[in-house]
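K.L.:
this is the structure alone, sequence omitted:
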């Protein structure tokens with residue numbers, strides 16, 4: 001069984017027991033999150049329910065595992081022939097969740 005949810009401007013295909021990273025939310029580990037924007041739900045037999053744009057009454061529950069940092073992005077700005085160089089970095093924070101239950 002899987003579901004397609006919309007979160008943070010992205011569409012994610014999720015299954016029960018799957019761990020994934022989403023945009024940072026200031027929620028402590030062990031809390032429950034509910035995703036209400038469910039675009040499609042499929043059970044194992046191939047029956048697919050599609051929403052227009054979302055399914056009414058469908059939700060996906062997830063358990064927060066904690067916050068984690070993404071990989072480091074290096075930003076370099078170089079202006080030619082000016083001897084001007086700047087090197088900075090950026091590292092985003094994400095929330096790791098585990099999908100607990102999909103209800104259609």
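P.N.:
Okay, I see it. Worth saying up front: this structure is predicted, and the values here are computed from it rather than measured.

K.L.:
report the contact partners of the spatially closest residue to residue 51 that is not a sequence neighbour.
P.N.:
Nearest residue to residue 51, sequence neighbours excluded (CB to CB, 6 or more residues apart in numbering): residue 39, at 5.4 Å. For every residue, glycine as well, the C-beta is placed using N, CA and C. Contacts for residue 39 were tallied using CB atoms under 8 Å, 6 or more residues apart in numbering; they are 4-6, 11, 50-51, 53-55.

K.L.:
following the helix or strand that contains residue 39, which helix or strand comes up?
P.N.:
Secondary structure assigned from DSSP states H and E places residue 39 in strand 38-42. Counting by DSSP H and E, the element after strand 38-42 in chain order, helix or strand, is strand 48-50.

K.L.:
can you tell me what sits against that following strand?
P.N.:
So strand 48-50 is contacted by 39-42, 55, 58, 104 (CB under 8 Å, 6+ apart).
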